[in-house]
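Peer 1: Got a sequence here, can you build the structure:
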Amino acid sequence: MNAASPKGEIRNAGANALTLAILCDAPLDFIANLLTVAKKQYPAIVDQTDAAGRTPMMIAIERGDHKLIYLLLQNGEYANSPTHLEAALDYCVTAGQPQLLKQIAQISDTGTQTLFRVAHRRLDRLLIGDSTAQSRLLEAMHPMLSDDNIAALLIAAVQIRGTTEKLPMLYGLLRKPMTSEQLDMLRETAANAGDLANYRCVRQFDKRLAEKLNSPSAAASLLLWSEMVRALHINDEDFVNLLLGKGVPAVLDEDDYGKTTSEEAFTRMLMADRRVRESPQSCVDLLSLAAKKNFAACVEYLLQRGTPAHNRHLEPDDIF
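Peer 2: Numbers count the residues shown, from 1 in each chain. Model prediction:
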């Protein structure tokens, strides 16, 4: 017997007893009894596919049948299957079903680890879009995610454009502050991702930066020196100027200079570089690079600082 969909299409080709019962909208009690019998006599039925390659769980997810998804997962074989558990949790995230998500994650001993994998993969869904639905999903996940999980999600989130407004919400889920190493990695990741809005946002999470900026010893702070490099890398001009105003120097690699495209950015970097301030003799490579970029003002600035113009990196004709 073939059961047809409302459009008259045959949908149960290759179905076994379980998938056929689901496709024919059999009562949940009937399906539950069928599962009980199958577990004893033919447990493989829970993983068998129909002609379209769908398992009973895939059909339940396709139909958006929450009660059936939960019923199937209460069956031991499903609850202990990472594939089925992950598929069900993935459905909850994409469909915005926080209550079902919470119920499903608590069924299995591996629910927490699986939930983290799903959250990591679907992070854009959790952080971009309807704030109310996202908040509910994150609240449902919160008890089952460790602080290390949340920190890892934050580090992944700063690499996704458009997540700036939701980063404080995700950070607020932490039960205790991130470690100094985690905060450094968070800012470094945001800067490397090139998202200025995300970088500025996560910089506010590190209270040490504000404390050092307001300290009389700001110019000597290694923390601020390293932040100068990040700010220059992502071209956060306001923060660079703030650090310069506090007397914060920097030691930059030639590669950092090589990434700049404007003479204005190059000049800011020269003004921040501790080598230029303290040892003009060591700036010959920078002079050569400025000349090759045809940055006349930078060449003049370096020469005024006492940088030698004649060396193996720079020919006399390069000076203009």
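Peer 1: which stretches of the stretch 51-200 of the chain form helices?
Peer 2: 56-63, 66-74, 76-79, 82-95, 98-105, 111-121, 123-127, 131-141, 147-157, 167-171, 180-193, 196-203 (DSSP state H, counting those that start in this stretch).
Peer 1: From Ala88, how far out is Arg122?
Peer 2: 13 Å (Cβ to Cβ, to the nearest Å). From N, CA and C alone the C-beta is placed, and that goes for glycine too.
Peer 1: Those two: which has the busier surroundings?
Peer 2: Legend: neighbour count by other Cβ atoms under 10 Å for Arg122 and Ala88, higher for Ala88 (31 against 16).
Peer 1: if I look at that one, how far off is Ser135?
Peer 2: 21 Å.
Peer 1: same thing with Arg305?
Peer 2: For Arg305 relative to Ser135 (Cβ to Cβ), the value is 54 Å.
Peer 1: just Leu224 next, same as before
Peer 2: 35 Å.
Peer 1: out of those two, which sits in the more crowded spot?
Peer 2: Set Leu224 next to Ser135 and count neighbours by other Cβ under 10 Å: Leu224 wins out with 24 against 14.
Peer 1: Report the contact partners of that one.
Peer 2: Leu209, Lys212, Leu213, Ala218, Leu243, Lys246, Val248 (Cβ atoms under 8 Å, 6 or more residues apart in numbering).
Peer 1: Show the pLDDT at it.
Peer 2: Note for Leu224: predicted pLDDT of 92.
Peer 1: Please apply the same query to Ile45.
Peer 2: 76.
Peer 1: How many neighbouring residues does it have?
Peer 2: 19.
Peer 1: The one 5 residues further on too?
Peer 2: By other Cβ under 10 Å, 21 other residues sit near Asp50.
Peer 1: got a pLDDT number for it?
Peer 2: Predicted confidence (pLDDT) for Asp50: 78.
Peer 1: gap between it and Glu139?
Peer 2: For Asp50, the distance to Glu139 - Cβ to Cβ - is 37 Å.
Peer 1: again with Ala26
Peer 2: Counting by Cβ to Cβ, the gap from Ala26 to Glu139 is 35 Å.
Peer 1: Also Glu165?
Peer 2: Distance from Glu165 to Glu139, by Cβ to Cβ: 17 Å.
Peer 1: Which helix or strand in the chain has the lowest average pLDDT?
Peer 2: helix 76-79 (a mean of 62; mean pLDDT, DSSP states H and E).
Peer 1: Between Ala26 and Glu139, tell me which one has more neighbours.
Peer 2: Per other Cβ under 10 Å, whichever of Ala26 and Glu139 has more neighbours is Ala26, with 16 against 13.
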